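J.: My questions are about this predicted structure, shown below with the sequence.
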Amino acid sequence: MPISFFAIVMGLTGLTIAWEKAQHVFSRDIGITIWLVVLSSIAFTVIGLFYTAKLILYRKAVVSELRHPVKLNFFPTISISLLLLAIAYLAINPAISRPLWMAGTLLHLFFTLYVVSVWMHHEHFEVHHMNPAWFIPAVGNVLVPVAGVPLGFVDVSWFFFSTGMVFWGMLMTIVFYRILFHNPIDDRLMPTLFILIAPPAVGFIAYTRLTGDIDTIARLLYFSGLFLTLLLFTQVGRFAKLEFFLSWWAYSFPLAAICIASLVFYEMTDKLAFGYIGAGLLLIVSSVVCLLMIKTIVAISKHRICLPGH
């Protein structure tokens, strides 16, 4: 089982939070949240148990992933999954949300320090190894305030938000340099381009949590995320031709993030257009996650999922 399996938990939990937010914003409770929270929790538990078994039985394989220039960046998906579950449980039971948030935050700090240290002292990275998956550690840092502020950890939330925003700026420059002036990104990693949406979208949600306002910085974050979403939607024909890889799950969480950001923008400004954008994106991300679940189950049944490259 590759470490990138935890991206499934990110997609499912992102969808859960999007539905939770939509029901709150539109004052409609259709009772779907608890079922999605349970599904996300089961997915995290099952994948976590399988990966723990891999760590015990095939330690060399885990070490190999830790040393891989691309797979290394997927280890923080474990801590991000915990942080997303903390957000999902926040409105249901804060007593469950708090330990999930604390565990996710501490683990994410560890992963961020480890990954950045590897970046600084590497001996084998080349520019073609660079892809949007390198944003994953930064996204996790920006995610901390979303549950951290309501739970009372304001200064800690500012620490992680600042760290994530600094790395987002640096990595965005490097990624576009790599895209513009070097060979195209490999097909199996093309879906990771959607990760470009996540830092500004999650950054907007976190920033509004920290400040309680939509000011110039908030608008800059939201509209840059919305532009990147439109940019990638115009290339849907290219993505539709790609063979299914586990990396397809990279479509899910960023789409959920910009959906939630749109709903937050609507909630705080009462401008109906953003409500329509949020509702439209909710339909899209729901359809995408359903498609991904079907394709993943089919791939598992045909033993096509745990192969080199996934």
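T.: Received it, and whenever you're ready, just let me know what you need.
J.: where's residue 98, which helix or strand?
T.: For residue 98, the host element (DSSP states H and E) is helix 94-120.
J.: And the average pLDDT for that helix is what?
T.: For helix 94-120, mean pLDDT rounds to 93.
J.: gap between the helix or strand just after that helix and the chain center?
T.: Heading C-terminal from helix 94-120, the first helix or strand you meet, by DSSP H and E, is helix 136-148. Taking the mean of its C-alpha atoms, helix 136-148 sits 9 Å from the chain's own mean (CA atoms, centre = their mean, to the nearest Å).
J.: Mind giving me the packing neighbours of helix 136-148?
T.: When contacts are defined as 3 or more CB pairs under 8 Å, 6 or more residues apart in numbering; DSSP states H and E, helix 136-148 packs onto helix 76-90, helix 94-120, helix 154-181, helix 198-211. Placement of C-beta: from N, CA and C, glycine included.
J.: Export those helices as a markdown table, with columns for mean neighbour count and distance to residue 3.
T.: Below are the helices and strands packed on helix 136-148 laid out as a markdown table (neighbours: other CB atoms under 10 Å; distance: least, CB to CB, whole Å):
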| stretch | mean neighbour count | distance to residue 3 |
| --- | --- | --- |
| helix 76-90 | 26 | 7 |
| helix 94-120 | 17 | 11 |
| helix 154-181 | 16 | 20 |
| helix 198-211 | 26 | 18 |
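J.: Kindly reformat those as CSV containing distance to residue 10.
T.: Formatted as CSV, the helices and strands packed on helix 136-148 follow (distance: least, CB to CB, whole Å):
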stretch, distance to residue 10
helix 76-90, 6
helix 94-120, 12
helix 154-181, 15
helix 198-211, 9
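J.: closest to residue 237 out of those?
T.: helix 154-181 (18.1 Å; CB to CB).
J.: That closest one - what's its average pLDDT?
T.: Per-residue scores along helix 154-181 average to 91.
J.: Make sure residue 218 is actually in contact with residue 207.
T.: Yes. The criterion here is CB atoms under 8 Å, and residue 218 meets it with residue 207 at 5.3 Å.
J.: residues shared between the contacts of those two?
T.: Listed contacts common to residue 218 and residue 207 are nil; contacts here mean CB atoms under 8 Å, 6 or more residues apart in numbering.
J.: give the contact list for residue 12.
T.: Residue 12 sits next to 36, 39-40, 43, 252, 289 when contact means CB under 8 Å, 6+ apart.
J.: mind listing which of those residues are in helices?
T.: 36, 39-40, 43, 252, 289 (DSSP state H).
J.: Narrow those to those that are buried.
T.: 36, 40, 43, 252, 289 (16 or more other CB atoms under 10 Å).
J.: Mind putting those into CSV with distance to residue 61 and pLDDT?
T.: Converted to CSV, these look like this (distance: CB to CB, whole Å; pLDDT from 0 to 100):
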residue, distance to residue 61, pLDDT
36, 31, 94
40, 26, 95
43, 21, 95
252, 25, 94
289, 28, 96
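J.: possible to save these as a markdown table with distance to residue 4?
T.: Shown next, in a markdown table, are these (distance: CB to CB, whole Å):
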| residue | distance to residue 4 |
| --- | --- |
| 36 | 21 |
| 40 | 17 |
| 43 | 14 |
| 252 | 13 |
| 289 | 16 |
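J.: which of those lies closest to residue 238?
T.: Of these, the one sitting nearest to residue 238 (CB to CB) turns out to be residue 252, at 18.0 Å.
J.: can I assume the closest one is in contact with residue 291?
T.: No. Taking contacts as CB under 8 Å, residue 252 lies outside contact range of residue 291: 9.6 Å.
J.: The helix or strand that residue 267 is a member of: how far from the chain's middle?
T.: In the assignment (DSSP H and E), residue 267 maps to helix 252-269. In terms of CA atoms, centre = their mean, the centre of helix 252-269 is found 13 Å from the chain centre.
J.: do the same with stretch 185-196
T.: Counting by CA atoms, centre = their mean, stretch 185-196 comes out at 14 Å from the chain centroid.
J.: for stretch 265-282, same thing?
T.: 21 Å.
J.: Only C-alpha atoms, please: export it in PDB.
T.: Output of stretch 265-282 as PDB, limited to C-alpha atoms (Å, rounded to 0.1, in the frame of the first residue of the first chain):
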ATOM      1  CA  PHE A 265     -17.300  34.000   1.000                       C
ATOM      2  CA  TYR A 266     -21.100  33.800   0.500                       C
ATOM      3  CA  GLU A 267     -21.700  33.400   4.200                       C
ATOM      4  CA  MET A 268     -19.600  36.500   5.100                       C
ATOM      5  CA  THR A 269     -20.700  38.800   2.300                       C
ATOM      6  CA  ASP A 270     -24.200  37.600   1.500                       C
ATOM      7  CA  LYS A 271     -23.500  38.000  -2.200                       C
ATOM      8  CA  LEU A 272     -25.700  35.400  -3.900                       C
ATOM      9  CA  ALA A 273     -23.200  34.700  -6.800                       C
ATOM     10  CA  PHE A 274     -20.800  33.100  -4.500                       C
ATOM     11  CA  GLY A 275     -23.600  30.900  -3.100                       C
ATOM     12  CA  TYR A 276     -24.200  29.700  -6.600                       C
ATOM     13  CA  ILE A 277     -20.500  29.100  -7.200                       C
ATOM     14  CA  GLY A 278     -20.300  27.100  -4.000                       C
ATOM     15  CA  ALA A 279     -23.300  25.000  -4.800                       C
ATOM     16  CA  GLY A 280     -22.000  24.300  -8.300                       C
ATOM     17  CA  LEU A 281     -18.600  23.300  -7.000                       C
ATOM     18  CA  LEU A 282     -20.300  21.000  -4.400                       C
END
